[in-house]
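[1] here are the coordinates; sequence isn't available:
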């Protein structure tokens, strides 16, 4: 129960200190996002990647700082629960006119769960449900930039309006040929609209900040004509030769936007004063995409985790099926289970591994953190990492309980009617590629093999060697895209030594079925991939026709050399066929 009176003066000071910790976090988060514009303008691609990775660490650092400050000033962990109840009420009052109240509530939860015992994790002490509405929040200061700009062209001024949309972002530098780019975008818009009637309220609504990722900046908005709304995005690239800008493509519709904001891509750098307003706008473009995934795509992954877990709890309340061992080949280091009615899988690191897996729990966690901070180029699934997750025990199949107790006893805890798992990862469920190939038509098999090779080449472009390249470690999304999801053996490409198999020294070497040549710990022999991957004749034929270069050490060595020389590859979330004709040189020929 909440106290009827706010009687403890420490409670208000703690609430102020908590909010001060969050405000510092978001100020630094926003500054890093805003600096993406300058990095894009000068072509500092390595700096952009570094900023994306470092920004992920900001949140936990600020939470740790807040916990330390509260312990030093107030001995926070020793305070009576009545004080913490009052802290929450004061905190709610401080958020009344705040521009990021939902993020501040999540920050409050993160700090409190570090301080309080887990028995107090309910809505008397933390924000299980949001207390402050995010509807209609806007920065009302006179000089503030609105969340989005609205443009009202006529049939005669649409061309000029499109030019104004692009120049309003005030990028430092020039477009290589703005008139040409506007004509291309105009033609694409008219082709998309087709034979339509121009309505009185025809308008363009465009988010006020560009979305930066990798080597691109994206204009994001929607075209409104009467009751019809068409989402769009315009990728801006910087010409490597002279630094001038070009519009690379015109993307339209929800599917194009879903690919742009895919869960398998790195988080955007976006300057946002009111993030909830951006999320609301983006949901109008992608109504099928959960708010949790949109927050994560904007770099606010802690808020994404919070909303995801709320959605999960709601799903549990409204479902009755049971958690089961996930279909497919069982992993050697991960125990994977799912809930058939929920489109995600749960992955738990086992307590022990077969001899061929020379790894540790800490090493596996480090690999997953590497992926979280890296540019995932649309080919590595994002993961949500949780600690101390309570599941209703009666919802688990007996076989799954037995597997968990056998492989992961150190991570299990019984708490009343709940089964608590101390550490796990959650990923979007996909069809394992090995299962997909077994059930595929010849046409589907061909496309899947091509996608598999493209996925590996995109990972190579991002300086990632997947390690275990077996089909079972890749999944097929509902859009037919192949995505890698088994990270316990990944390495940076530049840390690997790609070698050709030496010529046999004698007949005995030639006839030997064993490896007779010396092999270092990070030596890789691409020509030996074939026997493990290409046993199916149909798969082998398709693979050799499209991706035989993956079996050549020279392919890997050349990409490693370019990356070591400082080159950052372009990998973009649309098919090359969508690109306009005259654009900066691109190194990756397949879609990103």
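    It's in. Computed from a predicted model, the values in this text were never measured in an experiment.
[2] Please count neighbours and contacts with C-alpha atoms only from this point.
    Will do.
[3] Using the record's assignment, carve the protein into domains.
    Listed by automatic domain parsing, the domain ranges of the chain are 9-120, 148-300, 319-429, 432-578.
[4] can you redo those as TSV with distance to residue 139, mean pLDDT and mean neighbour count?
    Output for the domains of the chain, formatted as TSV (distance: least, CA to CA, whole Å; pLDDT from 0 to 100; neighbours: other CA atoms under 10 Å):
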stretch	distance to residue 139	mean pLDDT	mean neighbour count
domain 9-120	7	92	18
domain 148-300	7	94	18
domain 319-429	31	92	17
domain 432-578	32	89	17
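[5] so which of those domains gets nearest residue 126?
    Of all the domains of the chain, domain 9-120 sits nearest to residue 126, with 5.5 Å by CA to CA.
[6] Doesn't residue 414 lie inside a helix?
    No - membership of residue 414 in a helix is not supported by DSSP: H, G, I helix; E, B strand; the rest coil, which gives strand.
[7] My read is that it contacts residue 401, right?
    No - taking CA atoms under 8 Å as the definition, residue 414 is not a contact partner of residue 401, at 11.7 Å.
[8] Now distance to residue 141 too, for the domains of the chain, in JSON lines please.
    Output for the domains of the chain, formatted as JSON lines (distance: least, CA to CA, whole Å):
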{"stretch": "domain 9-120", "distance to residue 141": "12"}
{"stretch": "domain 148-300", "distance to residue 141": "11"}
{"stretch": "domain 319-429", "distance to residue 141": "35"}
{"stretch": "domain 432-578", "distance to residue 141": "36"}
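[9] Tell me which of these approaches residue 310 most closely.
    Taking those one by one with CA to CA, domain 148-300 is closest: 9.5 Å.
[10] from the chain's centre, how far out does the closest one sit?
    20 Å (CA atoms, centre = their mean, to the nearest Å).
[11] closest to residue 129 out of the domains of the chain?
    Closest among the domains of the chain, using CA to CA: domain 9-120, at 9.4 Å.
[12] next structured bit after the lengthiest helix in the chain?
    If you go by DSSP state H, the chain has its longest helix at helix 45-74. Using DSSP states H and E, the helix or strand that follows helix 45-74 in sequence is helix 81-94.
[13] So what touches that following helix?
    Contact with helix 81-94 is made by 2-3, 6, 8, 10-12, 14-16, 19, 124-126, 131-132, as judged by CA atoms under 8 Å, 6 or more residues apart in numbering.
[14] Check stretch 450-470 too.
    By CA under 8 Å, 6+ apart, stretch 450-470 touches 375-377, 379, 474, 481-484, 487, 489-494, 496, 532-533, 542-543, 546-547, 550, 556, 559-560, 563, 568-571, 588, 590-592.
[15] Just the ones in strands from those residues, please.
    Here DSSP state E is the test, and those give 474, 482-484, 491-492 as lying in strands.
[16] Including distance to residue 202, could those residues go into CSV?
    Below are those laid out as CSV (distance: CA to CA, whole Å):
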residue, distance to residue 202
474, 44
482, 39
483, 39
484, 42
491, 51
492, 49
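[17] Just the closest of the residues you listed to residue 295, please.
    Distance to residue 295, by CA to CA, is smallest for residue 483 among the ones in strands among the contacts of stretch 450-470, at 21.2 Å.
[18] and the closest one, what is it in contact with?
    264, 378-381, 455, 474-477.
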